[in-house]
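Peer 1: A predicted structure for the sequence below; I have some questions about it.
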Number of protein chains: 2
Amino acid sequence: MINRQFTLAARPLGMPKESDFALVESPLSEPGNGEVLAKAVYISVDPYMRARMSGGSAYPDPLDIGDTMVALGIGRVIESQNPAFAAGELVLGEWGWREYSVSDGSRWLKLPPSAAPVSTRLGVLGMPGITAYFGLLDVCRPKAGDTVVVSAAAGAVGSLAGQIAKIKGCRTAGITGTDAKVEYLVNELGFDGAFNYKASADYTNSLTRLCPDGIDCYFDNVGGFVTDAVLPLMKPFGRVALCGLISEYNLDQPEPGPGPLRPILLNQLRMEGFLFTRFQNRWGEALTQIAQWLSEGRLTYREAIVDGFTNLPRALIGLLSGENIGKMLVRL
Amino acid sequence: MINRQFTLAARPLGMPKESDFALVESPLSEPGNGEVLAKAVYISVDPYMRARMSGGSAYPDPLDIGDTMVALGIGRVIESQNPAFAAGELVLGEWGWREYSVSDGSRWLKLPPSAAPVSTRLGVLGMPGITAYFGLLDVCRPKAGDTVVVSAAAGAVGSLAGQIAKIKGCRTAGITGTDAKVEYLVNELGFDGAFNYKASADYTNSLTRLCPDGIDCYFDNVGGFVTDAVLPLMKPFGRVALCGLISEYNLDQPEPGPGPLRPILLNQLRMEGFLFTRFQNRWGEALTQIAQWLSEGRLTYREAIVDGFTNLPRALIGLLSGENIGKMLVRL
């Protein structure tokens, strides 16, 4: 049996090219005693993957050239020599960019049948949902009436963070990269306003129009010039949840802006970086609450699904180019 | 009667020059009914003064050209037409760079006779002491055994922040700008280590030698390249109290370093800017505790006293050049 996987072929300079990934075929052994063979159903595509393609010390755990690209994924069991798994069952795990996987299953989570599409376990009911929930509620800690700004607001995490802020009674403004996304945020997700930074000559102006009374909370997925514009507009004692730096992942050095220190000092801001792993002992709380909001129709989501294993590189490049609305996934 | 004051004559480019200040003489009217005439005894010299000399929006409340330079100061009452004040009494207030002041006294704090030298009300028992106390204990929140790094560690605030960290059972490392200050920190103040950044070819190296197990708390007075070196060495969930940005006050733009966002995200740091005014309803707590530590000999301080009103510009330039150990003051 032949397995296919994508490995890191070259460290990208700036935006990755398809040639930075190598499609490698290799024989796959049958599952041995206690092992399980599963085939990918969905592979998650997330911004952090770009960071791990860089070398040096800028980001932790860099991939080596030749390593299989990392990803969370969902697989379906094809053959099991392990009594804990049966053919046809779905599993979630650190899958990687590969078609098939043979494992003892110890690091896979079995996904019970559910009313929600299984793909949501990689999105609204998975890592992005948990990230939005705790980043907003535990790091930003908004009060009803607060003004909350979200960057990369139409992405998997940002679109949820903004909606949760609305549920909590906040005014919500989104920063995003296309006019279609602005419409999506305002008309479908109920954001109070949004602007397309790629069409804005002056971020400060655009933000001031949306948030004339200042900003209490900032859920930041991007860093860079966008963040340089947001921070000086924050009210005293404002809170910043630093969730991602997608504007920087393609750069050797951050953009040469004024940086965040002055506004953090002068506006007495609290900025906190966080990873979703930090809240591991409370993931259940987030998933239960999000599922309830979904069932009540108070939360909605989109998925940007790309079909075909070999389209993984193109999907990641598309994500980094801002082509997606909502969670980017590859479906096999 | 003639009063003298220093006004802002020109916005400095980089380090201020004496010609950026104008010594202005003007007639001073006698105190009217309800008014008090006092003469400066000590005028405080602090880094924020440089920030307020800049125009534009980089710092709040910029002085206009021709405005009297701002300062906290201590005066002695010479003549009083106000029953609340008597000749000879000492008062503390927003004094400005002036020799004499006539006021209704409503914004002056009367200083009762005290065993401590009155100058300490501008230093260890004043704004710098309060700043160090709350910045360390309420913003950094160190636990016993934590490693605490302090920048501008031999200054009025830093020298106290480091000593309070030692009192709380922390390992303390200082960053400072002369070998004499390194000796002062280690031999007189009990810091566990310190390094002279002006003599260091590699801040990261110097810090790693002092803090081989990483940094839990960073009390930052400087920003810039020093802070760029500290943050990546912080442990997960480390805390940063952002108290000042003395490295930036002479610059139009911050130094073009990597900036703090990556280490804040990756190390899940909490960075918080603060001003001493934020803790106004708890100032008494800080002053009582600091006075007790002083009386127990657990806290020590130095003052860098410059004599003569006309030396105020030189004193501020000296402060910004790092000439002082401890609190910089001008004595009249």
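Peer 2: Looks like it came in fine.

Peer 1: hey, let's count contacts and neighbours off CA atoms from now on
Peer 2: Fine.

Peer 1: ranges for the helices of the stretch 1-150 of chain A?
Peer 2: If DSSP state H, counting those that start in this stretch is used as the criterion, the helices of the stretch 1-150 of chain A fall at A:48-53, A:127-134.

Peer 1: ugh, wrong one, I meant the stretch 201-332 of chain A
Peer 2: A:203-210, A:224-230, A:261-266, A:283-295, A:312-320.

Peer 1: of these, which is nearest B:Ala229?
Peer 2: The closest of those to B:Ala229 is helix A:261-266. By C-alpha to C-alpha, the value is 14.4 Å.

Peer 1: counting contacts, what elements does the closest one pack onto?
Peer 2: The criterion is 3 or more C-alpha pairs under 8 Å, 6 or more residues apart in numbering or on different chains; DSSP states H and E, and the helices and strands that helix A:261-266 contacts are strand B:234-242, strand B:270-273.

Peer 1: re earlier: pick the most deeply packed of the helices of the stretch 1-150 of chain A.
Peer 2: With neighbours defined as mean count of other C-alpha atoms under 10 Å in any protein chain shown, these peak in mean count at helix A:127-134, which reaches a mean of 25.

Peer 1: how about residues contacting that helix?
Peer 2: Taking C-alpha atoms under 8 Å, 6 or more residues apart in numbering or on different chains as the criterion, the residues outside helix A:127-134 that touch it are A:121-124, A:156-158, A:160-161, A:164, A:243, A:275-276, A:279, A:283, A:286-287, A:290.

Peer 1: from those, which are also near chain B?
Peer 2: A:243, A:275 (C-alpha under 8 Å from any C-alpha of the partner chain).

Peer 1: A:Cys211 contacts A:Thr147, doesn't it?
Peer 2: Yes: taking C-alpha atoms under 8 Å as the contact criterion, A:Cys211 and A:Thr147 are neighbours in contact, 7.3 Å apart.

Peer 1: quickly list what's touching both of the two.
Peer 2: Residues touching both A:Cys211 and A:Thr147 comprise A:Ala173, with contact defined as C-alpha under 8 Å, 6+ apart.

Peer 1: which of these two has more neighbours?
Peer 2: Between A:Cys211 and A:Thr147, counted using other C-alpha atoms under 10 Å in any protein chain shown, A:Thr147 has the larger neighbour count: 27 against 21.

Peer 1: show me what contacts that one?
Peer 2: Shown in contact with A:Thr147 (C-alpha under 8 Å, 6+ apart): A:170-173, A:211, A:214-217.

Peer 1: adding distance to chain B and pLDDT, write the residues you listed out as TSV.
Peer 2: Below are those laid out as TSV (distance: C-alpha to the nearest C-alpha, whole Å; pLDDT from 0 to 100):
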residue	distance to chain B	pLDDT
A:Cys170	23	98
A:Arg171	24	98
A:Thr172	23	98
A:Ala173	22	98
A:Cys211	19	98
A:Gly214	16	98
A:Ile215	16	98
A:Asp216	14	98
A:Cys217	14	98
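
Peer 1: show me which residues of the stretch 1-150 of chain A sit near chain B.
Peer 2: Within the stretch 1-150 of chain A, the residues that sit near chain B (C-alpha under 8 Å from any C-alpha) are A:58-60.

Peer 1: before we move on, the earlier item: what's the most buried one of the helices of the stretch 201-332 of chain A?
Peer 2: For the helices of the stretch 201-332 of chain A, where neighbours mean mean count of other C-alpha under 10 Å, the stretch averaging the most is helix A:261-266, with a mean of 23.

Peer 1: that one: how far from the chain's middle?
Peer 2: Between the centre of helix A:261-266 and the centre of its chain there are 28 Å (C-alpha atoms, centre = their mean, to the nearest Å).

Peer 1: ok, now which ones touch A:Met1?
Peer 2: A:27-29.

Peer 1: equivalent analysis for A:Ala71, please.
Peer 2: A:Ala71 sits next to A:43-46, A:49, A:94-97 when contact means C-alpha under 8 Å, 6+ apart.

Peer 1: that one and chain B: what is the separation?
Peer 2: 18 Å (C-alpha to the nearest C-alpha, to the nearest Å).

Peer 1: likewise for A:Gly190?
Peer 2: Here A:Gly190 is placed at a distance of 28 Å from chain B (C-alpha to the nearest C-alpha).

Peer 1: what's the helix or strand for that residue?
Peer 2: A:Gly190 is part of no helix or strand, with elements assigned from DSSP states H and E.

Peer 1: contacting residues around it?
Peer 2: Contact criterion C-alpha under 8 Å, 6+ apart gives A:163, A:166 as the residues in contact with A:Gly190.

Peer 1: now do it, the pLDDT please.
Peer 2: Confidence at A:Gly190, expressed as pLDDT, is 97.

Peer 1: what's the answer for A:Pro16, then?
Peer 2: With respect to pLDDT, A:Pro16 has a value of 97.

Peer 1: picking that back up, out of the residues of the stretch 1-150 of chain A next to chain B, which comes closest to B:Ala38?
Peer 2: Comparing those against B:Ala38 with C-alpha to C-alpha places A:Ala58 closest, at 57.2 Å.

Peer 1: and the closest one, how many neighbours does it have?
Peer 2: By other C-alpha under 10 Å, the residues close to A:Ala58 number 18.

Peer 1: swap in A:Glu183?
Peer 2: Counted with other C-alpha under 10 Å, residues neighbouring A:Glu183 total 17.

Peer 1: ok so, going back, make TSV out of the helices of the stretch 1-150 of chain A and add mean pLDDT.
Peer 2: As requested, the helices of the stretch 1-150 of chain A are arranged in TSV below (pLDDT from 0 to 100):
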stretch	mean pLDDT
helix A:48-53	95
helix A:127-134	98
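
Peer 1: the helices of the stretch 201-332 of chain A: which one's closest to A:Thr7?
Peer 2: If you check each of the helices of the stretch 201-332 of chain A against A:Thr7 by C-alpha to C-alpha, helix A:312-320 wins as the nearest, at 10.3 Å.

Peer 1: give me the neighbour count for A:Arg282.
Peer 2: A:Arg282 has 12 nearby residues by other C-alpha under 10 Å.
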